[in-house]
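Student: Any chance you can model this:
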Amino acid sequence: MHPATYQKNLEDCQKQLHKADHSCSRITFWRGITSACAILIFCIGCSQKNPVLYAISAAALAAFLLLVRRHSQIKEKLDELNSRKSVLEDYLARYGDGWKNFSITGERYFHDSFQEAADLDIFGRNSLYQYICTASTVQGQDLLAGWLSRQEKDPVQIRKRQQAAVELAEKHSFCLEFETAARRLRNISYADAQKTMEHLLHSKDCRPRFRPLCKAAALILPVVTLIFLLLFMLGFQRSLFLSGFSVLTSLQLLLCLAAYQKNNRLLVPIYRMNQSVMPYQKLLKALEEETFTCDYLKQLQNTLTKNGSACTALKELEAITESVVIRKNLFAFILYSALFFYDFRCVERYLQWKEKYQDSIKTWLEAAGTAEALISLCVISRVKEVHTMPDIKSDALHPVFSAEGLRHPLLKESDAVGNDFELTHHTCVITGSNMSGKTTFLRSIGVNLIPAYAGGFCTAKNLAVSPMELCTSMRVQDDVSEGISTFYAELLRIKRMTDIGKKQAPMIALIDEIYKGTNSKDRIFAAKETVKKLSQPLAFTILTTHDFELCELENSRETDAENYYFEEHYEQNQILFDYKIKKGRSTTSNARYLLRMAGIIPND
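Tutor: Numbers count the residues shown, from 1 in each chain. From the prediction side, this is the model:
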């Protein structure tokens, strides 16, 4: 989508926000006027014992209640518009560098078994995850991270997600509304949201010890109490029914106070749940009501109606959470407990709801998270003019990598240079001077393969690729605490590559500045031996180097290698790069020029 479209939508949203905010202020004013009039007229009516004034007071009270309801509706609309504004601003930010300030970075998903994440900027600040993640639910964020981490090898599974992502990419309005509905969940920290979901899914309910008795009491006591109050007000044996009413209200209040701590262990998490239920309800409603054509999305939709409507169930839960919120007010707690045995009624309502829907809750939440993760895989198609859905090949015995216009997705599109590249040999040696684009090119390959295997869009005009194990050795660091040098750390990375090669598993290995942690003589020897080891029928190795001696691998019978290079040129005493990969070997270097530019060595 063109940025001008997002900008227009944002401007329309801001106009609606201004209008709604003005209406909210106006209603707040009239709400205060009507409440003051209702009280004042009622007091005058009491002093004059005038039924007409009572009626006018009642009318003013009714108007006040209508204004309260309308105010609540406008506040809800304001929240929705602010969420929509936030979503639109995020999309516009992705056209520049503003996305680097997004709060959801995925740092929590770093783990030692996925070292490629640091090499390719998959998680953390300025990462692919930070760029594409539109998920606001715990389930959506976790699932997207899992898809980006696991490198799916089954072409059938990849294509299922691809079909869903392609369909969602065309549903701009649905995706925008879906993201808007979930956006408020970002006000809840990941840890708090996870605790709430754990309670909803896995907690052992703090059921009353004598639940049948409590259930019966919750039904009978409030009814009898209110009957006693009504009979007292009608004048039947006033002293008797007043005494009975007082005893029953006191009994209900004392029982609620006695069980307060136990009931609280169940009800407090429900109170915390109040902020998240409404967004989930809207998400599931949107999923239920949308029309889909691909099987993956249809199956997702069907999970929401297996045990009744998920949206209806969450609407019931929302009513329960709102009831629990009321008890946080001390006055309301005392009044409701005395009259309605309130805590026990809330507990019973929640337990009945959970017994009815317990087996479906997890599936529903996962469905919402899956839709969010799929929408995240569409982000590149929405904000990049050059994008494609990769062609995933099924022939595991003849792995393929062929790209047209391949570029790095995290660069501004105006700055990114596209390269055509096809692996026709099992080893590719890339040379070139400093800053010519070698490392960025390697990362462009890797960081596009990650969403490709997840089932998402990539930044290229065309991309055909087989499912392969992706291995990298780029940002290799030493570990002083473990006594591991940079060179040895790199050896461990490459050992993993050779182990995968021995298993005859399809693999693509990306190695930047191979063995840069050791001297040139050892580096050249080690690099040649490593390439020989990695030269397996199902493995591709792409390495960058400043050692021109490695270009001789192209002529070796022991390796199926090909040379590529990046170059620079000079204009008006300036060094310029075109960042285009070319076949052959580099013949230039620019270290002396860069040293002069930095003032380290004098000009000739």
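Student: thinking residue 438 is in contact with residue 429, fair?
Tutor: No - here residue 438 lies out of contact with residue 429, judged by Cβ atoms under 8 Å, at a distance of 10.7 Å. Glycine gets a C-beta too; all of them are placed from N, C-alpha and C.
Student: How many residues are close by residue 15?
Tutor: Look at residue 15: counted by other Cβ atoms under 10 Å, it has 11 neighbours.
Student: Equivalent analysis for the one 10 residues further on, please.
Tutor: Using other Cβ under 10 Å, the number of residues around residue 25 comes to 10.
Student: Next up, identify which helix or strand it is on.
Tutor: Taking DSSP states H and E as the criterion, residue 25 maps to helix 3-48.
Student: Show me what the very next helix or strand once past that helix is packed up against.
Tutor: Of the helices and strands lying after helix 3-48 in sequence (DSSP H and E), the nearest is helix 51-93. The contact analysis (3 or more Cβ pairs under 8 Å, 6 or more residues apart in numbering; DSSP states H and E) places helix 51-93 against helix 3-48, helix 172-182.
Student: Residue 431 belongs to a strand?
Tutor: Yes - checked against DSSP: H, G, I helix; E, B strand; the rest coil, residue 431 lies within a strand.
Student: Quick one: residues contacting it.
Tutor: 438, 544-546, 548, 550-551, 563-566, 585-586 (Cβ atoms under 8 Å, 6 or more residues apart in numbering).
Student: Ok, residue 241 next?
Tutor: 228, 229, 231, 232.
Student: Keep only those of these that are in helices.
Tutor: 228, 229, 231, 232 (DSSP state H).
Student: Pipe these into JSON lines and attach neighbour count and distance to residue 337 per row.
Tutor: As requested, these are arranged in JSON lines below (neighbours: other Cβ atoms under 10 Å; distance: Cβ to Cβ, whole Å):
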{"residue": "228", "neighbour count": "21", "distance to residue 337": "17"}
{"residue": "229", "neighbour count": "17", "distance to residue 337": "15"}
{"residue": "231", "neighbour count": "17", "distance to residue 337": "22"}
{"residue": "232", "neighbour count": "19", "distance to residue 337": "20"}
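Student: Surely residue 182 and residue 136 touch.
Tutor: Yes - with contact defined as Cβ under 8 Å, residue 182 reaches residue 136; the gap is 3.9 Å.
Student: quick revisit: tell me the most buried of the helices and strands packed on helix 51-93?
Tutor: Of the helices and strands packed on helix 51-93, the one with the most neighbours on average (mean count of other Cβ atoms under 10 Å) is helix 172-182, at a mean of 20.
Student: Following element in sequence after that one, please.
Tutor: Using DSSP H and E, the helix or strand that follows helix 172-182 in sequence is helix 190-202.
Student: In that next one, which residues are buried?
Tutor: 193, 195, 196, 197, 199, 200 (16 or more other Cβ atoms under 10 Å).
Student: so residue 20 touches residue 81, yeah?
Tutor: Yes - the pair residue 20 and residue 81 passes the contact test of Cβ under 8 Å, sitting 6.2 Å apart.
Student: ok, back up a step: quick one, the helix holding residue 25 and helix 51-93 angle?
Tutor: For helix 3-48 against helix 51-93, the angle between stretch directions is 160 degrees (axes from the mean of the first three to the mean of the last three Cα atoms, to 10 degrees).
Student: Show me what helix 3-48 packs onto, helices and strands only.
Tutor: helix 51-93.
Student: tell me how far the helix it packs on is from the chain's mean position?
Tutor: 30 Å (Cα atoms, centre = their mean, to the nearest Å).
Student: which ones are touching residue 311?
Tutor: If you count contacts by Cβ under 8 Å, 6+ apart, residue 311 has them with 281, 284, 285, 288, 304.
Student: Quick one: residues contacting the closest residue to residue 260 other than its chain neighbours.
Tutor: For residue 260, ignoring the flanking residues on the chain, the nearest one in space by Cβ to Cβ, 6 or more residues apart in numbering is residue 343 at 7.0 Å. Residue 343 makes contact with 256, 259, 260, 263, 267, 327, 337, according to Cβ under 8 Å, 6+ apart.
Student: for the residues you listed, which one is nearest residue 110?
Tutor: residue 267 (36.8 Å; Cβ to Cβ).
Student: I figured the closest one hits residue 325, correct?
Tutor: No - counting by Cβ under 8 Å, residue 267 does not reach residue 325; the two are 9.9 Å apart.
Student: neighbour count winner among these two?
Tutor: Per other Cβ under 10 Å, whichever of residue 267 and residue 325 has more neighbours is residue 267, with 23 against 16.
Student: Tell me if I am right that that one is in a helix.
Tutor: Yes - according to three-state DSSP, residue 267 belongs to a helix.
Student: Can you tell me how far it is from residue 261?
Tutor: Relative to residue 261, residue 267 is positioned 11 Å away (Cβ to Cβ, to the nearest Å).
Student: follow-up on the earlier one: let's have the ones in helices among the contacts of residue 241 in a markdown table, adding pLDDT and distance to residue 486.
Tutor: Shown next, in a markdown table, are these (pLDDT from 0 to 100; distance: Cβ to Cβ, whole Å):
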| residue | pLDDT | distance to residue 486 |
| --- | --- | --- |
| 228 | 78 | 83 |
| 229 | 75 | 81 |
| 231 | 76 | 88 |
| 232 | 72 | 86 |
